[in-house]
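Asker: this one's structure only:
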Ligand SMILES: Cc1cc2nc3c(=O)[nH]c(=O)nc-3n(C[C@H](O)[C@H](O)[C@H](O)COP(=O)(O)OP(=O)(O)OC[C@H]3O[C@@H](n4cnc5c(N)ncnc54)[C@H](O)[C@@H]3O)c2cc1C
Ligand code: HEM
Ligand code: SF4
Ligand code: F3S
Ligand code: FES
């Protein structure tokens, strides 16, 4: 008969993980910032103005001010980090199996990188229309 | 009072999947679910399997899912549940038979957090001194009876059975915050793991399930805070 | 049972993972002895965890105290049937034991200056009976829980090998030597033989043979009955303690700590009736005295509404004290009786609680088999299943936790010594044969009576005829009933024929143990024609030292108990009348 | 499993938090792409804005706003509990409080966004 040694059954000896601590911590920091930035952004776009008054040129005009560029870019970085790390948590919870996990994680990170790049490109490089 | 008791049953010698069996019983409203299970076992079908020992909420044997929530069968009364009562094994753990689940993994996780006092100094002739205030810090987490109701109620645990789980963290907390203990650093390192405290999403099912009324989430967050503090 | 048994070999095997078994295991592990702990429950489910009130030791943290006073109280509490050499060890070693528990991590409540806090408990007095003394060390009202957890934690630390949910079904004793045990693994019904130099029985009590009891459903006297079946006598079985304050109807215990903290007993008329029965200690008199007083009040029609219970009142202690010192037991009242102890009194009645008798041992916890205290090599017993005897005819509150630890530890130490000196014994030629046949007979019989029914009838007759008050008539009646049940038991059926977690089979077997233990209890009670401690014969209401200052030993002869007697060891305190 | 266990406040709070988080994430992914159009194809971007301004778009925005508001408020609740573990005792109260704020802020907000759609119906003008 095979005897399971209850001392070792269950899980392997865990190692402390700095990365998880980092993610946990930054989720909270970005959360606080988003509370201000994201809600402000949504309010500006919907309460102060209305989508029907907005257009590409209106946006571009707004970016004439450096402050708005910084604002939007910060918001973008925060939201991307926060939401992708959040979705990472969700995926880690529900995607089992090493291969499926590897696949979902790599897809997630690649999409995240592309969005980081694309978003930064828009906010930074868009020509200012008077 | 007449109640209908549905029990989720599974006999590995005969069944491939679990199934519900309904029993009609006449019971006192002050009776506990454990009494109902005994009534079935002693009067109708003695092959019904469930663990129990003390009969008054102190040994942790009979945690099970009662009307959709983890409870101790000996600590919940019929009048708290109504006329329709359903009983199933603890969710998220392998079922051995009927209401009996395999607890080996649960205990292995408990063991993994070094749930014992570590103090390598030679003990004094008398007791080690500890003030009432120092003792109060970890009083709550000394109450745990290792029933498993919390861990098996946690959606994070269902999703990732590797999660060390609230019960193990509670027992780590009991020592991390004991002024006499010297093994806190190592425990914090163990719990800073991917399957450690970070898996907790403050869902509070554990607190609701704990028959000892332990504020488990608080304990978990105090451990998280200690890890953050240590690394800062 | 078809498969061949699995054979294990250890230097020491411990049966039972309550306080007694775990302390012994810890000593053995610290000594490097290869040890296995077999337990039919997960260790932390053991009933030691239910103990509430405290563990006493004359630390003198709160007021002057001496171990001699403690020893005196123990001897007097036991109505002088206590072996005083053992009581002296108990009272002396109490101090180092409690200190060691603290060092092992037990979170005792603390005094203002950070020492172990102590409170009053029934029968514990200063200066040989003058007034109650603060001697019980405690952790809120979950002292037993903390002891069990602390010892289990330390066993984990020292890598003790546990075999959880292994139900021991036989002892291997041949030619007067212990050789090991046979266990039934619940998970898959396999039989396991543990060959071992030293075996410790620490299987706890057997209160489940009474209807109203504070004991766990699993306390069925397994170890005691197995020893008895293997030719070991049982000592002082007529002494069974009824705790005064069980929750009415259920028997769930409300610790003496409630009275230690100042709770009082009231009869149906609201009188503090203990004034009449024990003018000095009143509500804190020993348990036998208080239980009898309650029964007398009830008999005189002064129970609550003329029913069979009285009140325990703690409301005057105030919420702060109740919440801090008695949280669990007041919770029991809320959950099981729907009563709010902050404001209302709680209905209580005496509940079957503790076995003073059991497997006879010497002060090294070695099992002895006759009047001359002949040791059975390799076999040990400690805890509630053993009888050293430190409790004599009546145990004092908090002395049991102490007993299981002091003598559990002594067992561990002596087993380690024995394991170094002895060779591993040979197994009998067919170690599982006898028990396998018995189990198979039980399992394959599908027609017949339900064991649960027999258990219920047994519990009823024991409660009605063999509890606080006894007479020759009630005992003879009980004897007839028990004999009838034993006959019927031969034809019980088990419904579950499966190989996984077959509780049905084991519970049927446990009923057999209970019947054995009950039979011995009744026989010993019938024989003892005096009243002493917990054994109260209405037809012989006086203590009779001239003819009965002796321990009983019940031996199994032709399937029935035969009584013999051995003297009590008296060293310091000569018997005196017992008043409080 | 999630459906078998009878959820209470804490579990509902978490489930909504998770669902709203993922929903907002989906929107963010789309949103970054549509923002990209501001530079690349302003015409197409204006079409996108029109969609946002259309009745269906406005309803979707209310839902987005609700998700964001809920997530933000509950996120704050989590943060408060994380920072002061003693607040765990009040976790249910905090959740109800977040709903109160949700309603107080959300109803007027939804009204503003939907005004062009429901205004005419209610006869109060756009
Ligand atoms: C409600 C309550 C309150 C109490 N309060 C106090 C108090 O305040 N102070 C005090 O001093 N005393 C108290 N007592 C008494 C004391 O707690 C017990 O006497 C003591 O704990 C018994 O310990 P033990 O180690 O002998 O056995 P237990 O703790 O009962 O353990 C028995 C062990 O044996 C195992 N076992 C049994 N049969 C088998 C088998 N066949 N095969 C394998 N394993 C088996 C079980 O699994 C278990 O691990 C109290 C008792 C009760 C019931
Ligand atoms: C507006 C302020 C916001 C705050 C205060 C906030 C706060 C938080 C916090 C504290 C968590 C961690 C929850 C946990 O660990 O249990 C979290 C998770 C998450 N957040 Fe946010 N967040 C905000 C905005 C957003 C936005 C805008 C998005 C999407 C773009 C988002 C997506 C997510 C996701 C997907 C998760 C993971 C959910 C989970 O693990 O269950 N959050 N948020
Ligand atoms: S923390 Fe509570 S629910 Fe969890 S194992 Fe301990 S007693 Fe049971
Ligand atoms: S239910 Fe689970 S997520 Fe945390 S708060 Fe309790 S452990
Ligand atoms: S039977 Fe012991 S906790 Fe329920």
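Answerer: Received it, and whenever you're ready, just let me know what you need. Just so it is clear, the structure is predicted and the values come from calculations on it, not from any experiment. Numbers count the residues shown, from 1 in each chain, chains lettered A, B, ... in the order given. Ligands and ions are numbered 1, 2, ... in the order given.
Asker: What values do phi and psi take at residue C:85?
Answerer: The phi/psi pair for residue C:85 (degrees, to the nearest 10) reads phi -60, psi -40.
Asker: distance of the nearest residue to it once chain neighbours are set aside from chain B?
Answerer: In this structure, residue C:85 finds its nearest non-sequential neighbour in residue C:569, 5.1 Å apart by C-beta to C-beta, 6 or more residues apart in numbering or on different chains. The way it works is simple: take the backbone N, C-alpha and C, and place the C-beta from them, glycine included. Residue C:569 sits 31 Å away from chain B, taking C-beta to the nearest C-beta, to the nearest Å as the criterion.
Asker: Same question for residue C:427.
Answerer: Using C-beta to the nearest C-beta, residue C:427 is found at 29 Å from chain B.
Asker: Tell me how many other residues crowd that residue.
Answerer: By other C-beta atoms under 10 Å in any protein chain shown, 17 other residues sit near residue C:427.
Asker: What residues does it make contact with?
Answerer: Contacts for residue C:427 (C-beta atoms under 8 Å, 6 or more residues apart in numbering or on different chains) come out as C:7, C:172, C:179-180, C:193, C:195.
Asker: Point me to the residue of chain D nearest ligand 4.
Answerer: Distances from chain D to ligand 4, computed as C-beta to the nearest ligand atom, single out residue D:10 as the nearest residue at 6.9 Å.
Asker: can you check chain A too?
Answerer: Residue nearest to ligand 4 within chain A: residue A:93 (10.7 Å; C-beta to the nearest ligand atom).
Asker: hang on, that residue in a strand?
Answerer: No: the assignment for residue A:93, made by DSSP: H, G, I helix; E, B strand; the rest coil, is helix rather than a strand.
Asker: Name the residues of chain A found near chain D, please.
Answerer: With C-beta under 8 Å from any C-beta of the partner chain as the criterion, chain A meets chain D at residues A:28, A:31-32, A:34-35, A:38-39, A:42, A:46-47, A:50-52, A:54-57, A:59-60, A:76, A:79-80, A:83-84, A:86-87, A:90, A:111, A:115, A:118-119, A:121-122, A:125-127.
Asker: Show me the residues you listed that map onto helices.
Answerer: With DSSP state H as the criterion, helices contain A:28, A:31-32, A:34-35, A:38-39, A:42, A:56-57, A:59-60, A:76, A:79-80, A:83-84, A:86-87, A:90, A:111, A:115, A:118-119, A:121-122, A:125 from among the residues of chain A next to chain D.
Asker: which one is residue A:46 nearest to, not counting chain neighbours?
Answerer: residue D:113 (5.4 Å).
Asker: ok, of the ones in helices among the residues of chain A next to chain D, which come out buried?
Answerer: Among these, the ones that count as buried by 16 or more other C-beta atoms under 10 Å in any protein chain shown are A:28, A:31, A:34-35, A:38-39, A:42, A:56, A:59-60, A:76, A:79-80, A:83-84, A:86-87, A:115, A:118-119, A:122.
Asker: Low-confidence stretches in chain D?
Answerer: Where chain D drops to pLDDT under 70, the residues are D:124-126.
Asker: Can you get me the start-to-end distance on stretch C:567-574?
Answerer: Across stretch C:567-574, the terminal residues are separated by 14 Å (C-alpha to C-alpha, to the nearest Å).
Asker: Quick one: mean pLDDT over it.
Answerer: Model confidence over stretch C:567-574 averages 97 on the pLDDT scale.
Asker: Could you list the low-pLDDT ranges of chain A?
Answerer: Per-residue confidence for chain A (pLDDT under 70) gives these ranges: A:1-17, A:126-130.
Asker: quick one: is the top helix by length along chain B near chain D?
Answerer: Of all segments of type helix in chain B, defined using DSSP H, the longest is helix B:216-231. Yes: contact check for helix B:216-231 against chain D, using C-beta under 8 Å from any C-beta: residues in range are B:217-218, B:221-222, B:224-225.
Asker: what residues does the stretch 51-200 of chain C put near ligand 1?
Answerer: Proximity of the stretch 51-200 of chain C to ligand 1 (C-beta under 6 Å from any ligand atom) is limited to residues C:51-55, C:143-144, C:167-168.
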